[in-house]
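K.L.:
dropping the sequence and predicted coords here.
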Amino acid sequence: MVTNQTQPQTQNLTDGMHIVVDALKRNGVDTIFGLVGIPVTDLARHAQEVGIRFVGFRHEQSAGNAAAAAGFITKKPGICLTVSAPGFLNGLTALANATTNGFPMIQISGSSDRAIIDLQQGDYEELDQMNIAKPFCKAAYRINKPQDIATGIARAIRAAVTGRPGGVYLDLTTALLAAAVDKDEMEKTLYTVVDPNPAIIPSQESVDRALQLLASAKNPLIILGKGAAYAQADDDIKTFIEKTGIPFLPMSMAKGLMPDDHPQSAAAARGYVMSNADVVVLMGARLNWLLGHGKGKHWNPNVKFIQLDIDGMEFDSNRQILAPVAGDIGSSMKAFVAGLAKYSIKADAAWMDGINKDKAVNAQKMEARLANVTEPMNFYCTLKAVRDVLDKQRDYYLVNEGANTLDDTRNVINMYEPRKRLDCGTWGVMGIGMGYAIGAAVTTGKQVVSIHGDSAFGFSGMEVETMCRFKLPITVVVFNNGGIYKGDSPNLSGGTDPSPTTLMPDARYDKVIEAFGGDAYYVTTPAELTDALTKAIASKKPSLIDVKIDPSDGLESGHIGNLNPATVIKEAH
Ligand code: ADP
Ligand code: MG
């Protein structure tokens, strides 16, 4: 037995904190991402003592992002531990982001004395955390009594993974953590949650309606979303796509669910298929802003939608869904594959021919862009060097954040395996990079290549220390064009302050990792980049490559300039 401040004297007495750890362990929690302090330090210590890996971060948001990444990859809730008030709030952005993206995670936070909080008497780090968390997560609970620990943990786990996955907040009061309890009595109350994520089987009627509609299509299209990737129904999805010959379009984090070089991939003909498809199957993808809400100039005005989603509330969120299929993707795809015996569904050869023609034209344009080497480098020749190295690897995770760095990388770097691409997601958020990279490396033990714009990297850059401390096989690549979007925008006042979008033009992010003993590379040409990336990956050591990119390269807001009021106003005038 360890001795610590909260450890009671008597052998069979323990405290709430130890029981919480026991309950987590019993439910298969093997890793906690977090940042300790009052009142949860001993919780982390004890978790480590009993064999749960504790990965300590420099900022709670990154710890939360790591937990969310773990949740997406494993289909089990990732756990993030935070201290009260400010630590809780720092983690909350990640919890909200996980909820928005449908990643299962649980943020467990210590909180100060309820009696003082409720009378607002001014406690150390006083904040009514559970009520603040509620609108930002799928569910929020507080455990007040040690006797309720098993129930509290069970509720949190189920809420995170059942139905549409999401973020759950679990509040642990100081009183609960410190409560002296009888160890044997408490342990009798603990249990393992049975089937935390039960199958949700779609009705046969909804499956028939969908397959009938699909059978009537001339130009069918399947859109794969990250819900389909998350579902781990890879084989049935592949069987259905290949047997029907329907072209597919992967959303960003669904890239690799079907390999990007698959002949039925329509990724390089995105505009063409959206404007010509007559029946579209949304497979774990929402018809949100990332798909132009399913209407407007990019879409065939007569397109009909089939949607497979675990959450019946999702249907009709933007336009009519003629064939909603409510169920988990695994169960729905089983029914779809079985349905192929009944319905004859086969994509038209002429449809695929048209797509292939469009793909060929776009591929040619892309190769020309990639081949245009400039000095300093532009985004595309940088990405060609990265692509040529990464295309030889398959077993790695790609993390990607930024504006141009995100959009261009998504278009150039192929993925070949499911759930291996983690990026800005539904919110298009910056700051997920290092958290996702560390979460993926810790969870899988695999190589991670983490590609960040220089601005995006700044949000979580200090986690380079975390990745070095844990000796993780992560290669961070910073696309350094010295600014947000680009580095050469003027200060409109004519003054000497840098413009709002300007960062340091000669910043050397490689020096950051040097401080922590990782491998540093600074490159200015494609050949140097090829060499550095090859070496960095082969070494399996924490490494960072600063790639100097032309400050004048980059579009304001990347590919979503249409959402930027500045651009919209400019175009209107
Ligand atoms: P993308 O951004 O890739 O289009 P979204 O996150 O917008 O993906 O959509 C994912 C959808 O998948 C959500 O509507 C979510 O409810 C759904 N989903 C998540 N997990 C599952 C699952 N196991 N089965 C079915 N649908 C799921
Ligand atoms: Mg930049």
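P.N.:
Happy to help now that I have it. In this text, all values refer to a predicted model and were calculated from it rather than measured experimentally. Numbering: from 1, shown residues only. Ligands and ions are numbered 1, 2, ... in the order given.
K.L.:
okay, and residue 325 sits in which element?
P.N.:
strand 323-326 (DSSP states H and E).
K.L.:
run the contact check for that strand versus ligand 1.
P.N.:
No. Using C-beta under 6 Å from any ligand atom, strand 323-326 stays clear of ligand 1, coming no nearer than 8.8 Å. C-beta coordinates here come from the backbone N, C-alpha and C atoms, glycine included.
K.L.:
so what strands line up beside that strand?
P.N.:
With DSSP bridges as the test, strand 323-326 is paired with strand 304-309 (parallel).
K.L.:
re the thing from before, after the strand holding residue 325 comes which helix or strand?
P.N.:
Next along from strand 323-326, by DSSP H and E: helix 329-339.
K.L.:
that following helix versus strand 304-309: what angle between them?
P.N.:
130 degrees (axes from the mean of the first three to the mean of the last three C-alpha atoms, to 10 degrees).
K.L.:
any idea which helix or strand comes after helix 329-339?
P.N.:
Trace forward from helix 329-339 with DSSP H and E and the next one is helix 349-371.
K.L.:
and the very next helix or strand once past that next one, what's buried?
P.N.:
Using DSSP H and E, the next helix or strand after helix 349-371 towards the C-terminus is helix 379-390. For helix 379-390, burial by neighbour count (16 or more other C-beta atoms under 10 Å) applies to 379, 380, 381, 382, 383, 384, 385, 386, 389, 390.
K.L.:
so what touches helix 379-390?
P.N.:
For helix 379-390, contacts defined as C-beta atoms under 8 Å, 6 or more residues apart in numbering pick out 369-374, 396, 398, 404-405, 408-409, 412-414, 449, 451, 477, 479, 481, 526-527, 529-530, 533-534, 537, 547, 549, 553-554.
K.L.:
show me how to select, in ChimeraX, the buried members of those residues.
P.N.:
Burial among the contacts of helix 379-390 is assessed by 16+ other C-beta under 10 Å; the matching ChimeraX selection reads:
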select :369,370,396,398,404,405,408,409,412,413,414,449,451,477,479,481,526,529,530,533,537,547,549,553,554
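K.L.:
near ligand 2, from the contacts of helix 379-390?
P.N.:
residue 481 (C-beta under 5 Å from the ion).
K.L.:
out of the contacts of helix 379-390, which sit inside strands?
P.N.:
396, 398, 449, 451, 477, 479, 547 (DSSP state E).
K.L.:
nearest to residue 343, of those residues?
P.N.:
residue 398 (36.6 Å; C-beta to C-beta).
K.L.:
could you measure from the closest one over to residue 423?
P.N.:
8 Å (C-beta to C-beta, to the nearest Å).
K.L.:
any residues in contact with both of those two?
P.N.:
Counting by C-beta under 8 Å, 6+ apart, nothing touches both residue 398 and residue 423.
K.L.:
reformat the ones in strands among the contacts of helix 379-390 as TSV; add distance to residue 511.
P.N.:
Below are these laid out as TSV (distance: C-beta to C-beta, whole Å):
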residue	distance to residue 511
396	25
398	25
449	20
451	19
477	15
479	17
547	14
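K.L.:
could I get the residues you listed as TSV with pLDDT?
P.N.:
Compiled in TSV, the ones in strands among the contacts of helix 379-390 are given as follows (pLDDT from 0 to 100):
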residue	pLDDT
396	98
398	98
449	98
451	98
477	98
479	98
547	98
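K.L.:
residues near the nearest residue to residue 122 once chain neighbours are set aside, how many?
P.N.:
If the residues on either side of it in the chain are set aside, residue 122 comes closest to residue 116, at 7.2 Å by C-beta to C-beta, 6 or more residues apart in numbering. Neighbour count for residue 116, taken as other C-beta atoms under 10 Å: 14.
K.L.:
and residue 116, helix, strand or coil?
P.N.:
In three-state terms, and counting by DSSP: H, G, I helix; E, B strand; the rest coil, residue 116 is helix.
K.L.:
quick one: contacts for it?
P.N.:
With C-beta under 8 Å, 6+ apart, residue 116 has these contacts: 122, 123, 126.
K.L.:
quick one on the thing from earlier: the contacts of helix 379-390: which ones sit near ligand 1?
P.N.:
Okay, of these, nothing touches ligand 1 (C-beta under 6 Å from any ligand atom).
K.L.:
how's the protein carved up into domains?
P.N.:
In the domain annotation for the chain, the residue ranges read 13-187, 204-356, 372-572 (automatic domain parsing).
K.L.:
how long is the shortest one end to end?
P.N.:
In terms of C-alpha to C-alpha, to the nearest Å, the two terminal residues of domain 204-356 are separated by 35 Å.
K.L.:
ok, now stretch 178-188?
P.N.:
19 Å.
K.L.:
counting neighbours, what do you get for residue 57?
P.N.:
Neighbour tally, residue 57, other C-beta under 10 Å: 29.
K.L.:
who in the stretch 101-250 of the chain is up against ligand 1?
P.N.:
Close to ligand 1, as judged by C-beta under 6 Å from any ligand atom, the stretch 101-250 of the chain has residues 101, 102, 164, 165, 225, 226, 227, 230, 231.
K.L.:
quick check: the farthest pair among the residues you listed?
P.N.:
101 and 231 (14.2 Å).
K.L.:
what strand or helix carries residue 140?
P.N.:
strand 139-143.
K.L.:
beyond that strand, next helix or strand please.
P.N.:
helix 149-161.
K.L.:
angle of that following helix against strand 139-143?
P.N.:
Using the same axes, to 10 degrees: helix 149-161 against strand 139-143 is 170 degrees.
K.L.:
so what does helix 149-161 touch, helix or strand wise?
P.N.:
Using 3 or more C-beta pairs under 8 Å, 6 or more residues apart in numbering; DSSP states H and E as the contact criterion, the elements in contact with helix 149-161 are helix 16-26, strand 105-111, strand 139-143, strand 167-173, helix 183-189.
K.L.:
can you add mean neighbour count and mean pLDDT and give the ones you listed back as a markdown table?
P.N.:
Putting the helices and strands packed on helix 149-161 into a markdown table (neighbours: other C-beta atoms under 10 Å; pLDDT from 0 to 100) gives the following:
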| stretch | mean neighbour count | mean pLDDT |
| --- | --- | --- |
| helix 16-26 | 23 | 98 |
| strand 105-111 | 30 | 98 |
| strand 139-143 | 21 | 98 |
| strand 167-173 | 27 | 98 |
| helix 183-189 | 15 | 96 |
